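**Q** What shape does this take:
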Amino acid sequence: MATTLPAPPAVSRRRRTPLLLGALALLVLAVLLWGLASGATDVGAADALSALWRAAAGVPAQGDDAIVLALRLPRLLFGALVGAGLAAAGVAMQGLFRNPLADPALIGVSSGAAFGAVATIVCGHWLFAGGASPDGVAAGAFVCGVVATFSVWLIGRRRPGVATLLLAGVAINAIGFAGIGWLQYLASERQLRDLTFWSLGSLAGIDWRRLAIVAPCIGVPLLLLPLQARALNALLLGDREAAFLGFRPARVQRLLLALTALMVSAAVAFTGVIGFVGLVVPHLLRLGFGPDHRLLLPASALGGAALVPAADTLARTVAVPAELPLGVLTALVGGPFFLWLLLRTPIVETD
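**A** Sure thing, here's the model as predicted:
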């Protein structure tokens, strides 16, 4: 009688990868459909699908089609894109720093973008009649986020490895938050209200034009990051070992920082700070399916693409007609999860 041997790990991985990615893709579609149907005006899943079909077929709009197509659909797609970018950036930074608790904010991009937005809001009345526009705030946040990350890289490249890079990120974060505090001190009451709402994070005001602006800034890095999956796997062994395997750690570091800065700066510029997405999603998937970045990168992108629209739908529906800040909901989930990660990590005692 023939005996069936267990499948080799490589074969098992090849079998489970499409299953996991397919399940996550279905989850994303389910979350998007839920978001299209839910809100201050309940449309219903069938009516939402009908609105999408009429738009694709060129049939004249009916009923609540404008709510689905003009208000909810671009917002949900934007949230899915932002979630995918933040989660993929979290994977890249965790692999670069070889630490599963790393976050894109470590390289100063979030604090830099926040400083740019606050500076544009507070100083906008000196440059523009009536103050800075939302697009001006987004542009200021994007530029400062990229500049902050570039500054971290310039400092970190003075020594090989990631220790100096990490310390440079801590310093740039401190400078960024100090600048934000100073600008808040100078701000008027109206400006304080505007920057407070911006810092809480939200997808309100997203339309097709803004989606078209952000799509290449996040979409292109999302396509390029999986090409670095083998390099990230090698970096887990250390820089020297990665070099022995034929990779160039300094070049990989530059590319990962550039792609992360582009994605996170674009996301923060239009949505404000949405915390913990880059930490929670990659870590959950790593715990369940291992550290192989060939699976972890696309799976995390899909997981983030489901998490942010789901959180945004809750923000729109949990206190109708009011709308909760998106960043508050992600922090409510991410904060306790981060504490759980810290508490479950074994304590190592040294003499």
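
**Q** What helix or strand is the nearest residue to residue 106 once chain neighbours are set aside located in?
**A** Spatially, and ignoring its direct neighbours in sequence, residue 106 is nearest to residue 169 (4.7 Å; CB to CB, 6 or more residues apart in numbering). Just so you know, the C-beta spots here come from the backbone N, C-alpha and C atoms, and that holds for glycine as well. Using DSSP states H and E, residue 169 maps to helix 163-186.

**Q** Which positions within the helix or strand following that helix qualify as buried?
**A** Per DSSP H and E, the first helix or strand lying C-terminal to helix 163-186 is helix 189-200. Residues of helix 189-200 classed as buried under the neighbour-count rule (16 or more other CB atoms under 10 Å) are 191-192, 194-195, 198-200.

**Q** ok, which stretches of the stretch 1-150 of the chain are helices?
**A** With DSSP state H, counting those that start in this stretch, the ranges of helices along the stretch 1-150 of the chain come out as 9-37, 45-57, 65-66, 73-97, 109-127, 134-156.

**Q** orientation of the fifth one relative to helix 73-97 in degrees?
**A** Right, the one you point to is helix 109-127. On the basis of axes from the mean of the first three to the mean of the last three CA atoms, to 10 degrees, helix 109-127 is oriented at 130 degrees to helix 73-97.

**Q** ditto for the second one
**A** Between the axis of helix 45-57 and that of helix 73-97 there is an angle of 90 degrees, by the same axes, to 10 degrees.

**Q** which helices and strands does helix 45-57 pack with?
**A** Contact here means 3 or more CB pairs under 8 Å, 6 or more residues apart in numbering; DSSP states H and E; on that basis helix 45-57 packs against helix 9-37, helix 65-66.

**Q** Show the average pLDDT along stretch 139-153.
**A** The average pLDDT within stretch 139-153 is 93.

**Q** How about residues contacting that stretch?
**A** Stretch 139-153 is contacted from outside by 107-117, 119-120, 132, 165, 168-169, 172, 176, 217, 253-254, 257-258, 260-262, 264-266, 268-269, using CB atoms under 8 Å, 6 or more residues apart in numbering.

**Q** got the CA positions of that stretch in PDB?
**A** Once non-C-alpha atoms are left out, stretch 139-153 reads as follows in PDB (Å, rounded to 0.1, in the frame of the first residue of the first chain):
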ATOM      1  CA  ALA A 139       1.500  69.500  -1.400                       C
ATOM      2  CA  GLY A 140       3.300  70.900   1.700                       C
ATOM      3  CA  ALA A 141       2.800  67.600   3.500                       C
ATOM      4  CA  PHE A 142       4.100  65.500   0.600                       C
ATOM      5  CA  VAL A 143       7.200  67.600   0.000                       C
ATOM      6  CA  CYS A 144       8.200  67.700   3.700                       C
ATOM      7  CA  GLY A 145       7.600  64.000   4.100                       C
ATOM      8  CA  VAL A 146      10.000  63.200   1.300                       C
ATOM      9  CA  VAL A 147      12.600  65.800   2.500                       C
ATOM     10  CA  ALA A 148      12.500  64.300   6.100                       C
ATOM     11  CA  THR A 149      13.100  60.800   4.800                       C
ATOM     12  CA  PHE A 150      15.900  62.100   2.500                       C
ATOM     13  CA  SER A 151      17.500  63.800   5.500                       C
ATOM     14  CA  VAL A 152      17.400  60.500   7.500                       C
ATOM     15  CA  TRP A 153      19.100  58.700   4.600                       C
END
